[in-house]
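*Asks:* quick one, structure for this:
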Amino acid sequence: MTEQDPERTSVRTYVPAYQKEEWATRANELEMSLSEFVRTMVQAGKRGFEGGQPAAESRDREKGGSGDATPGGQDLETTVLDALENGPLEFDELVDVVAEDFRRDVDEALGRLEEEDRVEHDRLDGGYRVTDDG
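*Replies:* Below is the predicted model of the structure:
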């Protein structure tokens, strides 16, 4: 594996106008910038091509830094920069963007932990708890 350069660089692609509009609409629905949405789609598609790897191994590799554009998720500065690409935002609006990003991360983590039977949603108490096997 080669040394990873942390410097960010841009990537440009050309798509039909209707495609960009669809992506922008979907990104807006998810409260993401267009750049963040496209990067997320690319990473999801890349994982699809890595089909031979067990999911846990793939996650462990990402956490350690895999060369992905967003290893283990994107950093706070990237989230802020992506949010500001669409124009200026007030401080509280930026906090909302970061909170939504974090909310998605927690939701994804809970989904993985539920799939692995390490946590479960307790319908009576209305919360999550560690399973007996977790």
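*Asks:* which element follows the lowest-mean-pLDDT helix or strand in the chain toward the C-terminus?
*Replies:* Confidence across the helices and strands of the chain bottoms out at helix 55-64, with a mean of 44, counting by mean pLDDT, DSSP states H and E. Secondary structure here is assigned by DSSP states H and E; on that basis, the next helix or strand after helix 55-64 toward the C-terminus is helix 76-84.
*Asks:* distance from the chain centre to that following helix, please.
*Replies:* From the chain centre to the centre of helix 76-84 is a distance of 13 Å (C-alpha atoms, centre = their mean, to the nearest Å).
*Asks:* got it, and stretch 83-102?
*Replies:* For stretch 83-102, the separation from the chain centroid amounts to 15 Å (computed by C-alpha atoms, centre = their mean).
*Asks:* show me what counts as buried in that stretch.
*Replies:* Of the residues in stretch 83-102, those buried under the neighbour-count criterion (16 or more other C-beta atoms under 10 Å) are Ala83, Val97, Asp101. Where you see a C-beta, it was placed from the backbone N, CA and C, and this is true even at glycine.
*Asks:* how close does the first one sit to Gly111?
*Replies:* Taking C-beta to C-beta, to the nearest Å as the measure, Ala83 falls 24 Å from Gly111.
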